[in-house]
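K.L.:
Got a predicted structure here, sequence first:
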Amino acid sequence: MPASPLSCAFTGQRAAPCTAGVPGTAPRTPTPQARAQARPARRLRGAALCALALLAGCAGSTTPGGTVQISDVHAYRNVFSWNDGGSMTFYYAVVEQDGVAAVCGAWSRAGKGSSVPDYEFFGALAVDTAGDRLVRNPDFFLFTGTAERGEINGTTLACGKTATPWSEAYAATTPELVMIKTRFRS
């Protein structure tokens, strides 16, 4: 069967050029000189992609930072409510630990849970303060079970230490628990 103009052949080793079946075209093999000239550009592009991947992977990441008591920090509360009456309540704070910013938090459920899995919901959250995004995906927040809407069980917040140096602006600014994604697969 003749190849269509948009088909490509695969030989098991390398894909053939996508010009198979196009009248007046023949597969071109780059010369050794052309390959040598293209290598630096490919290496630079590869290095840039690796650097971007590292930055994306590290932005907002944390290391374990222990726990704090709500009474020892200035904790803030945020409630996310669902159409069916269920909700998730978060208590969180931004504190200084060993010269860096740490985000501490706990959460509970009330009523019927969301149809969005917890891991996906947490992946859509971030903690911002003083113009900086300190944490993405605060999945280290302590789950305290089911509680009344606007409340959590207990008084302990789990902390995640960031790599961001502490700034007095963080102490003077109200942190925000924000949704960075609003569409989910579910």
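P.N.:
Right, received. Where do you want to start? Here the structure is a predicted model, which is why all the values come from computation and not from measurement. Residues are numbered from 1 along each chain as shown.

K.L.:
tell me the contacts of Pro165?
P.N.:
99-101 (CB atoms under 8 Å, 6 or more residues apart in numbering). Heads up, the C-betas are built off the backbone N, CA and C, glycines and all.

K.L.:
Please apply the same query to Ser114.
P.N.:
If you count contacts by CB under 8 Å, 6+ apart, then Ser114 has 82, 86, 88, 121 around it.

K.L.:
still on that earlier bit, if you rank the contacts of Pro165 by neighbours, which is first?
P.N.:
Ala101 (27 neighbours; other CB atoms under 10 Å).

K.L.:
Quick check: next helix or strand after the host helix or strand of that residue?
P.N.:
Mapping Ala101 onto the secondary structure by DSSP states H and E places it in strand 100-110. For strand 100-110, the following helix or strand on the C-terminal side (DSSP H and E) is helix 118-123.

K.L.:
What residues sit buried inside that following helix?
P.N.:
121-123 (16 or more other CB atoms under 10 Å).

K.L.:
any chance of those residues in CSV, with distance to Pro175 and pLDDT too?
P.N.:
Output for the buried residues of helix 118-123, formatted as CSV (distance: CB to CB, whole Å; pLDDT from 0 to 100):
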residue, distance to Pro175, pLDDT
Phe121, 19, 87
Phe122, 16, 91
Gly123, 19, 89
